[in-house]
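**Q** got a predicted model here, sequence first, then my questions.
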Amino acid sequence: MPNQAEAKTGARQSPWSVGLIVAGIAAPIEGVKEGLSELGLVEGRDLTYTLLAANGELDRLPALCDELVAARVDVIALIGAVTARAARAATTEIPIVFAVVVDPVEDGLAIDLLRPDGNLTGVTTFDPEQAGVQMEFLRAINPALTRVAILSDGGVSMCLSNANQAAASDLGLLPQLIRVKAPNADFPAAFASIAAGQAEALVVLEEPITQSARMEIAALALEAGLPTVFARGQADAGGLIAYGTNLREATRAMARYVAQILKHGAGPADLPIVTGLQQELVINLATARRLGVTVPPELLAKADQVIE
């Protein structure tokens with residue numbers, strides 16, 4: 001770990017070491033590299049990276065975090081509350097910068113957003129209104145919608161699941177929560193349960209296993225004739241709708257904190273947790289045609305991107 005004198009004078013003899021770790025797939029965390037490069041920190045000259053991904057297998061996270069601690073990285077940058085908890089359990093000394101989609105205080109990652117406690121800080125993309133907006137989009141597709149399934153990762157907290165169930169109930173919809181868990185996530189069985197519950201649409205939460213298996217989930221939903229809404233960062237899955245803040249953009253915002261820690265000796269407790277909300281709507285008309293549904297013109301007019 002660089003001391004403050006080294007950081008302020010630039011008197012380092014070797015590049016800083018940054019550990020990158022995710023519970024899902026690696027792609028979103030690449031935003032940290034992009035952000036640091038834009039801040040003038042060049043890979044190879046100023047920084048080296050160790051990138052580890054659990055690909056939805058959350059039981060691997062403690063060992064992966066221990067690997068970064070053993071490598072004596074200068075800072076750990078990560079995605080996900082479950083990853084943050086594993087990293088915090090592995091070290092109380094190495095600074096940790098996170099990007100999460102939950103409320104950090106409610107989910108136990110911080111006591112206060114303005115002055116985080118301990119060695120964690122970062123960015124949250126949690127929007128208490130997002131779940132309701134996503135379900136309103138599904139109801140715009142099907143005004144007669146009464147039942148909605150919610151697909152969640154059984155290995156993470158219930159924070160997002162609870163928010164989505166509450167949003168469905170507030171809109172007069174009957175929610176059906178389906179939880180799957182790696183390493184033996186049985187998505188065909190999950191969709192059989194959705195069919196048995198007579199759900200008419202599906203919300204896919206932005207969690208590790210659903211991120212890793214997003215293509216399979218979208219394909220199964222299409223086969224079942226279910227309109228879907230994914231997170232913005234999962235628009236490539238082929239679902240009908242993707243909405244929210246792009247997690248990759250949130251990781252670019254993390255880079256500023258990583259740079260402050262490395263270059264200026266800042267401590268995580270002195271860096272307030274920030275909220276990054278830049279909502280985007282993507283509509284996949286190719287999927288709409290395959291589902292045989294019509295996207296209302298007023299919803300299309302709101303889209304930031306339309307996939308033909």
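**A** Alright, I've got the coordinates.
**Q** packing partners of the lengthiest helix in the chain?
**A** Using DSSP state H, we find that the single longest helix of the chain is helix 247-264. Judged by 3 or more CB pairs under 8 Å, 6 or more residues apart in numbering; DSSP states H and E, the packing partners of helix 247-264 are helix 4-9, strand 16-22, helix 30-38, strand 75-79, strand 96-100, strand 120-124. Where you see a C-beta, it was placed from the backbone N, CA and C, and this is true even at glycine.
**Q** now do the buried residues in that helix.
**A** By 16 or more other CB atoms under 10 Å, the buried positions in helix 247-264 come out as 247-263.
**Q** what about stretch 297-308, average pLDDT?
**A** Average pLDDT, stretch 297-308: 96.
**Q** how about it: buried residues?
**A** Buried-residue list, stretch 297-308, by 16+ other CB under 10 Å: L299, A303, I307.
**Q** in helices, which of those residues appear?
**A** Going by DSSP H, the helices hold L299 from these.
**Q** just put the buried residues of stretch 297-308 in a markdown table and tack on distance to V75.
**A** As requested, the buried residues of stretch 297-308 are exported to a markdown table (distance: CB to CB, whole Å):
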| residue | distance to V75 |
| --- | --- |
| L299 | 42 |
| A303 | 37 |
| I307 | 37 |
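**Q** from the buried residues of stretch 297-308, which is closest to A286?
**A** I307 (6.2 Å; CB to CB).
**Q** how much space separates the closest one from I241?
**A** 10 Å (CB to CB, to the nearest Å).
**Q** anything in contact with each of those two?
**A** V282, I283, N284 (CB atoms under 8 Å, 6 or more residues apart in numbering).
**Q** who wins on neighbours among these?
**A** Within the shared contacts of I307 and I241, most neighbours by other CB atoms under 10 Å means N284, with 26 neighbours.
**Q** quick one: which of the shared contacts of I307 and I241 is nearest I178?
**A** N284 (22.0 Å).
**Q** grab the nearest non-local neighbour of that closest one.
**A** Leaving aside its chain neighbours, N284 sits nearest to I307 (4.3 Å; criterion: CB to CB, 6 or more residues apart in numbering).
**Q** now do G132
**A** Nearest residue to G132, sequence neighbours excluded (CB to CB, 6+ apart): A167, at 4.2 Å.
**Q** okay, now that neighbour: neighbour count?
**A** A167 has 23 nearby residues by other CB under 10 Å.
**Q** would you agree it is in contact with E136?
**A** No. Look at A167 against E136 with CB atoms under 8 Å: they stay out of range, at 9.2 Å.
**Q** on that earlier part again, and the gap between the residue nearest to N284 and A54?
**A** 29 Å.
**Q** helix, strand, or coil at I283?
**A** Three-state assignment for I283 (DSSP: H, G, I helix; E, B strand; the rest coil): strand.
**Q** before we move on, what about I150?
**A** Taking three-state DSSP as the rule, one finds I150 in the strand state.
**Q** Serialize the helices and strands packed on helix 247-264 to JSON lines and add fields for mean pLDDT.
**A** Compiled in JSON lines, the helices and strands packed on helix 247-264 are given as follows (pLDDT from 0 to 100):
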{"stretch": "helix 4-9", "mean pLDDT": "40"}
{"stretch": "strand 16-22", "mean pLDDT": "97"}
{"stretch": "helix 30-38", "mean pLDDT": "94"}
{"stretch": "strand 75-79", "mean pLDDT": "97"}
{"stretch": "strand 96-100", "mean pLDDT": "95"}
{"stretch": "strand 120-124", "mean pLDDT": "94"}
